[in-house]
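Engineer: Everything below, folded, please.
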Amino acid sequence: MRVVLQDRHRPRLEIIPFIDVMFFLLATFMIVSLSMTKNEAISIRLPQGTTTVTQNPNDQMIVTVLANGDYSVGKEKVPAADIAKRLAQLKAANPDPKVFVTGESDAPFERVIQVIDEGRKLGIGRIAIQTTKTKPTGSGAPAGNAPTAQSRPAPQQSQSTQPQHN
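Structural biologist: Okay, the predicted model is just below:
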């Protein structure tokens with residue numbers, strides 16, 4: 001009995017498992033590279049509001065008024081005299097910029113108004129005050145009743161917050 005073997009059998013490269021492995025490697029490298037970036041922000045205590053709306057963080061500037069009255073833009077501290085220059089640079093780069101003014105809860109409100117006024121002098125019409133949304137209380141008390149100083153929880157330290165507009 002004679003056995004016939006086919007010598008012309010060519011090996012095939014299977015594409016589907018290859019694609020699966022490549023997607024797995026791509027996802028792994030993306031997750032690892034994102035975990036390697038260091039997020040830095042100034043830690044501040046934001047005031048809270050009940051009617052806040054989350055905004056898109058693209059094409060915007062966040063000016064923070066610190067408790068001692070100093071300013072910061074992003075992670076950089078800025079002297080009061082340079083705030084107008086920064087706003088002018090933003091207006092020159094983007095014809096319709098968004099400016100979010102935020103501050104610590106014990107920051108002087110006069111400084112917040114100064115930033116808003118400087119922006120309006122330059123023709124920036126989209127200026128908002130950034131707050132954090134209040135957490136609902138389980139006691140059934142109306143949202144307008146603020147807790148007393150003795151019962152108020154410790155302020156939360158925030159590393160990065162989503163801009164929210166009143």
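
Engineer: Okay, now the unreliable bits of this protein?
Structural biologist: Counting by pLDDT under 70, the chain has low-confidence residues at 1, 4-7, 39-41, 53-59, 132-166.

Engineer: Please enumerate the helices of this protein.
Structural biologist: 15-36, 83-93, 109-121 (DSSP state H).

Engineer: do you know which of those lies nearest residue 69?
Structural biologist: Minimum separation from residue 69 across these (CB to CB) falls at helix 109-121, 5.6 Å. C-beta coordinates here come from the backbone N, C-alpha and C atoms, glycine included.

Engineer: Just want the angle from that closest one to helix 83-93.
Structural biologist: For helix 109-121 against helix 83-93, the angle by axes from the mean of the first three to the mean of the last three CA atoms, to 10 degrees is 30 degrees.

Engineer: And the strands in this structure?
Structural biologist: 48-49, 53-54, 60-65, 71-73, 76-78, 98-103, 126-129, 132-133, 164-165 (DSSP state E).

Engineer: Need those strands in TSV (columns: mean neighbour count).
Structural biologist: Putting the strands of the chain into TSV (neighbours: other CB atoms under 10 Å) gives the following:
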stretch	mean neighbour count
strand 48-49	16
strand 53-54	10
strand 60-65	22
strand 71-73	19
strand 76-78	13
strand 98-103	23
strand 126-129	18
strand 132-133	16
strand 164-165	18
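
Engineer: Quick one, which of these gets closest to residue 92.
Structural biologist: strand 60-65 (12.4 Å).

Engineer: which helices and strands does the closest one pack with?
Structural biologist: If you count contacts as 3 or more CB pairs under 8 Å, 6 or more residues apart in numbering; DSSP states H and E, strand 60-65 packs onto strand 71-73, helix 83-93, strand 98-103, helix 109-121.

Engineer: Next, the buried residues of the last one.
Structural biologist: Right, helix 109-121. Neighbour-count burial for helix 109-121 flags 111-112, 114-116, 118-119 (criterion: 16 or more other CB atoms under 10 Å).

Engineer: Please consider this matter closed, and thank you.
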